[in-house]
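Participant: give me the fold of what follows.
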Amino acid sequence: LLSAAKRGHLNGKSPAELMGFGGAGEKKTDGGLDDADVVCTCFGITKGDIDSAVKDKGVSTLEQLKKTTKCGTGCGGCIVTGPVKKILADALKKMGKDAFSGICSHFPL
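Facilitator: Below is the predicted model:
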């Protein structure tokens, strides 16, 4: 995908559109995803896996989610342009916790 994008061979679509994450500039949320919907194709992580990591394993940051599920440790697209950050934030909100808004524990925003 990267090499096709650099050569301009995406047929007028953005990389995010080709990966199924919406159009250029479009903020994709978890938009009604089912628990069985895969959100990290590198490792087959589903929305339900993320929800379970928050509920059952106490995950509360992207850093912890990566360590616990491997989600986002492959190509990273599920975090950069995909719904993972929104899913994590929503799961934390359901648990009555605040979502971490920084890059990592060393770079809070």
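Participant: which stretches of this structure form helices?
Facilitator: Secondary structure of the chain (DSSP state H): helices located at 2-7, 15-18, 47-57, 62-69, 77-80, 84-94.
Participant: quick check: which ranges of this protein have low pLDDT?
Facilitator: Applying pLDDT under 70 to the chain flags the ranges 1-5, 14-31, 100-109.
Participant: surely Ile45 is in contact with Ala36?
Facilitator: No: between Ile45 and Ala36 there is no contact under C-beta atoms under 8 Å: 11.4 Å. Glycine gets a C-beta too; all of them are placed from N, C-alpha and C.
Participant: of the two, give the one with the bigger neighbour count.
Facilitator: Higher neighbour count among Ile45 and Ala36: Ile45, with 23 against 9, using other C-beta atoms under 10 Å.
Participant: residue contacts, that one?
Facilitator: Ile45 sits next to Val38, Val39, Thr69, Lys70, Cys71, Cys78 when contact means C-beta atoms under 8 Å, 6 or more residues apart in numbering.
Participant: distance to Lys86 added to those, as JSON lines?
Facilitator: Shown next, in JSON lines, are the contacts of Ile45 (distance: C-beta to C-beta, whole Å):
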{"residue": "Val38", "distance to Lys86": "15"}
{"residue": "Val39", "distance to Lys86": "10"}
{"residue": "Thr69", "distance to Lys86": "16"}
{"residue": "Lys70", "distance to Lys86": "19"}
{"residue": "Cys71", "distance to Lys86": "13"}
{"residue": "Cys78", "distance to Lys86": "11"}
